[in-house]
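Participant: The sequence and its predicted three-dimensional model are supplied below.
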Amino acid sequence: MTIDHLTKTFGAVRAVDDLSFRVTPGRVTGFLGPNGAGKTTTLRMLLGLVRPTSGTATIGGRSYGQLAHPMRSVGSALEASSFHPGRTALDHLRVYAPQVGVSDARCREVLDLVGLGSVAKRRAGGFSLGMRQRLGLATTLLGDPRVLLLDEPANGLDPQGIAWLRAFLRHLAGEGRTVLVSSHVLSEVEQTVDDVVIIARGRLVHASSLGELAALAEPSVRVTSPDVAGLERLVADAGWSAQVDASVPAPPGTAVLRRVPAAEVGARAFTAGVELHELATRDVGLEGIFLQLVADGAPAAGGAAAAESASEADPEAGR
Ligand SMILES: Nc1ncnc2c1ncn2[C@@H]1O[C@H](COP(=O)(O)OP(=O)(O)OP(=O)(O)O)[C@@H](O)[C@H]1O
């Protein structure tokens, strides 16, 4: 799935602004950003429900409208699904089955898959939120799609429901499917996703594996010194890994050091006679990094290469 320089304006509002990223098959990708960041608009463009102002959103190289069997290629659950309260779970799926082109047996099969087999004949009106989420997921799976687009599927689930969803999405990705899950809270999906795409104000701010994002969140020590050459020598002599953290503006004479305690930095600077003006430990955690990225709205740095190398599967292959 490829989003390429995608832009959508609604009047004066730039809902999606020159957005580019790729989503890899066989992995769960978290599509993250605060409310109003442009996630739903992007998903709607992928599904051909909103026409881009410019740029493209394609699945296996084709726009949704160009897919021969869109409902069998892409399963989507965009809004919190609404159900006719008087309709049973099975009847709810039977409404969609003809559009997707699947049999009654498939309706029962997907109910079993999501763990609703035993309540197939019960009215959806009496379902808990978690059961309704499962029914929504069953609907997206009717056509056995290779690509799944799920908007906030964990919304309102209890911890048990989240654990089930996590295992289920991992299972679907394990079958080689492309799974894109949007959320405005990283913590809700951090144990589910392999990759993250973070947007803010319609723009990409970060795309990488979750591991790479977690590395950014490792505790670090920030040092500033008026003696730029002295600081550089100190870092080189100690063999510390110094990285300039793209999420923090770093004036000359600043080093962000990882995997070294502040006390050691202070002691060595003292011994070497390098004057320090700041020596601060930063331990914001994963959610902290996420909040910082979306607050700064910094242009995307990390992960572009990973996104580039992503291979793309044809969602209609083998049909
Ligand atoms: N049809 C529309 N007409 C006008 N503005 C719109 C329309 N759809 C979305 N917007 C605006 O575009 C921006 C992005 O909205 P979008 O729903 O895509 O964000 P989101 O990241 O999905 O947010 P949320 O998590 O709240 O659903 C918002 O400012 C929103 O008000």
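Facilitator: Nice, I can see it. Because the structure is predicted, anything quoted here is derived from the model rather than measured.
Participant: now for the helix or strand hosting residue 7, which elements pack on it?
Facilitator: Element membership for residue 7, per DSSP states H and E: strand 2-10. Packing contacts for strand 2-10, counted by 3 or more CB pairs under 8 Å, 6 or more residues apart in numbering; DSSP states H and E, involve strand 13-22, helix 39-46, strand 54-58. Glycine gets a C-beta too; all of them are placed from N, C-alpha and C.
Participant: which residues of the stretch 101-250 of the chain score low on pLDDT?
Facilitator: For the stretch 101-250 of the chain, applying pLDDT under 70 flags the ranges 243-250.
Participant: Just the buried positions in the longest helix seen in the chain, please.
Facilitator: Across the chain, the longest stretch assigned as helix under DSSP state H is helix 159-174. Within helix 159-174, the residues scored as buried using 16 or more other CB atoms under 10 Å are 161, 162, 164, 165, 166, 168, 169, 170, 172, 173.
Participant: how about the strands of the stretch 101-250 of the chain, start to end?
Facilitator: Secondary structure of the stretch 101-250 of the chain (DSSP state E, counting those that start in this stretch): strands located at 147-151, 178-183, 195-200, 203-209, 220-224, 241-243.
Participant: do you know how far residue 34 is from residue 16?
Facilitator: Using CB to CB, to the nearest Å, we find residue 34 at a distance of 14 Å from residue 16.
Participant: from the stretch 201-319 of the chain, which residue is nearest to the ligand?
Facilitator: Taking CB to the nearest ligand atom, the ligand has its nearest neighbour within the stretch 201-319 of the chain at residue 202, 6.7 Å off.
Participant: what's the burial count for that residue?
Facilitator: 24 (other CB atoms under 10 Å).
Participant: Would you confirm that it contacts residue 6?
Facilitator: No. Applying CB atoms under 8 Å, one finds residue 202 not in contact with residue 6, separated by 9.3 Å.
Participant: what's the overlap in contacts for the two?
Facilitator: With contacts defined as CB atoms under 8 Å, 6 or more residues apart in numbering, the residues shared by residue 202 and residue 6 are 16, 19.
Participant: about what we covered before: quick one: buried residues of the strand holding residue 7?
Facilitator: Neighbour-count burial for strand 2-10 flags 2, 3, 6, 7, 8 (criterion: 16+ other CB under 10 Å).
Participant: between these, which is nearest residue 218?
Facilitator: Proximity of the buried residues of strand 2-10 to residue 218 (CB to CB) peaks at residue 3, which lies at 28.9 Å.
Participant: Looks like the closest one contacts residue 18 (just checking).
Facilitator: No. Taking contacts as CB under 8 Å, residue 3 lies outside contact range of residue 18: 10.3 Å.
Participant: Please enumerate the shared neighbours of the two.
Facilitator: residue 55.
Participant: Could you show which parts of this protein are in contact with the ligand?
Facilitator: Contact residues, the chain versus the ligand (CB under 6 Å from any ligand atom): 10, 13, 15, 33, 35, 36, 37, 38, 39, 40, 41, 184.
Participant: now with 8 Å?
Facilitator: Residues of the chain that fall close to the ligand, judged by CB under 8 Å from any ligand atom: 8, 10-11, 13, 15-16, 33-44, 50, 151-152, 182, 184, 199, 202.
Participant: which among those end up buried?
Facilitator: Applying 16+ other CB under 10 Å to these, the neighbour count classes 8, 15-16, 33-34, 37-44, 50, 151-152, 182, 184, 199, 202 as buried.
Participant: Nice, that's everything, thank you.
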